[in-house]
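Trainee: Next comes the sequence, and after it the predicted model I'd like to discuss.
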Amino acid sequence: MSTRTCPLLRRLYKLSFPSCRFFSDQRFINGLNGVYPPIAVPFNEDQSIAYDKLEANFRIWNSIPFRGYVVFGSNGEVVHLSFDEKIEFFKKVRKLVGRDKLLVAGVGCNSTLATLKLNEQIAKLGADVSLVVTPGYYKTHMTRNVLFNFYKEIADANILPVILYNVPANTGVDMPAELIIELAQHPNIIGLKDSGGDIVKMATIVSNTKSMNFQVLAGSASFLLPAYTIGAVGGICALANVLGKAICDLHENYNEGNLGDAENLQFRLIQPNTAVTKQYGVSGLKYAMDLKGYYGGMPRRPLLPLPLDDKKVLQTYFEKSGF
């Protein structure tokens, strides 16, 4: 008898997945609701990881009411880290993050095998949830069937609850809403980080997954408030590395019904966010961190620090926006 035809078997099947334990855990009673910075990895002049600077940044971040943190997000230069560096870096972050915070690990790789290997190791080190980006190296061959089977195999492995990660600007792969809705039915897939910025598409996903243990997170501070108005529950925002308090204030104002204050913050965040993402990328984000009392430092090569003229422009954007 299959799980499709027997309600009891279907329920037992779902309960075998960590996603069910996640939503029933009192620490995470509100699910994914809240703001998460995809933390930047600080580097020394010799390109090694600056763990002392990481600790200094966390002393500030931990004073901000983040829901949790994302390790190995796009703005964490995950593609510039070796497997061993990822393991050591995660160990350090786990020590710096309280158990009341949700710790999300970006484990997506270009092969299913590599993704499963990293996911398994990170789970052993104390990750709460995995964030799995679409494979993008062979982007023209990332068909619907390929992507469905990739995510199904990761979720079936029953290692950690899975958040889908759609970031077409980086991967060249844009998952269609219909595929995301189908994957949301898997008992171990609990959410989506959508960095595409298509609010209609996001609304379609939210409206078709309301009855599931599945939540949507905005992937940018530039459209955080619009995402909230159609049912997103939080955001994984690069700018939260720099302006975390302001983004958390937007989140709180919206949830408390202070829409005027939330709207004002949204408008002010757009230009700084564009500067540290689309316009200047990781180099801009790290310089903005330097401006605001964090350690951003240099990106890992081949990325280069911002030229002086661009630094002046970025600083002007922040000042004009009141930050």
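Mentor: Received it, and whenever you're ready, just let me know what you need. Residues are numbered from 1 along each chain as shown.
Trainee: At which residues are the helices of this protein located?
Mentor: Taking DSSP state H as the criterion, the chain contains helices spanning 7-15, 18-24, 51-61, 83-96, 112-124, 144-156, 168-171, 177-183, 199-209, 224-229, 240-255, 259-274, 281-291, 308-320.
Trainee: Would you mind giving those as JSON lines with mean neighbour count added?
Mentor: In short, each C-beta sits where N, CA and C put it, glycine included. JSON lines is the format used below for those (neighbours: other Cβ atoms under 10 Å):
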{"stretch": "helix 7-15", "mean neighbour count": "12"}
{"stretch": "helix 18-24", "mean neighbour count": "17"}
{"stretch": "helix 51-61", "mean neighbour count": "16"}
{"stretch": "helix 83-96", "mean neighbour count": "16"}
{"stretch": "helix 112-124", "mean neighbour count": "17"}
{"stretch": "helix 144-156", "mean neighbour count": "17"}
{"stretch": "helix 168-171", "mean neighbour count": "16"}
{"stretch": "helix 177-183", "mean neighbour count": "18"}
{"stretch": "helix 199-209", "mean neighbour count": "18"}
{"stretch": "helix 224-229", "mean neighbour count": "20"}
{"stretch": "helix 240-255", "mean neighbour count": "22"}
{"stretch": "helix 259-274", "mean neighbour count": "18"}
{"stretch": "helix 281-291", "mean neighbour count": "22"}
{"stretch": "helix 308-320", "mean neighbour count": "14"}
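Trainee: got the ones you listed as CSV, with mean pLDDT and distance to Gln215 columns?
Mentor: CSV is the format used below for the helices of the chain (pLDDT from 0 to 100; distance: least, Cβ to Cβ, whole Å):
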stretch, mean pLDDT, distance to Gln215
helix 7-15, 45, 17
helix 18-24, 59, 10
helix 51-61, 99, 23
helix 83-96, 98, 23
helix 112-124, 98, 20
helix 144-156, 98, 16
helix 168-171, 95, 21
helix 177-183, 99, 12
helix 199-209, 98, 8
helix 224-229, 98, 11
helix 240-255, 99, 14
helix 259-274, 99, 19
helix 281-291, 99, 25
helix 308-320, 98, 31
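Trainee: how about JSON lines for the ones you listed, with distance to Leu102 added?
Mentor: Below are these laid out as JSON lines (distance: least, Cβ to Cβ, whole Å):
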{"stretch": "helix 7-15", "distance to Leu102": "21"}
{"stretch": "helix 18-24", "distance to Leu102": "9"}
{"stretch": "helix 51-61", "distance to Leu102": "14"}
{"stretch": "helix 83-96", "distance to Leu102": "12"}
{"stretch": "helix 112-124", "distance to Leu102": "14"}
{"stretch": "helix 144-156", "distance to Leu102": "18"}
{"stretch": "helix 168-171", "distance to Leu102": "23"}
{"stretch": "helix 177-183", "distance to Leu102": "21"}
{"stretch": "helix 199-209", "distance to Leu102": "19"}
{"stretch": "helix 224-229", "distance to Leu102": "18"}
{"stretch": "helix 240-255", "distance to Leu102": "14"}
{"stretch": "helix 259-274", "distance to Leu102": "22"}
{"stretch": "helix 281-291", "distance to Leu102": "22"}
{"stretch": "helix 308-320", "distance to Leu102": "28"}
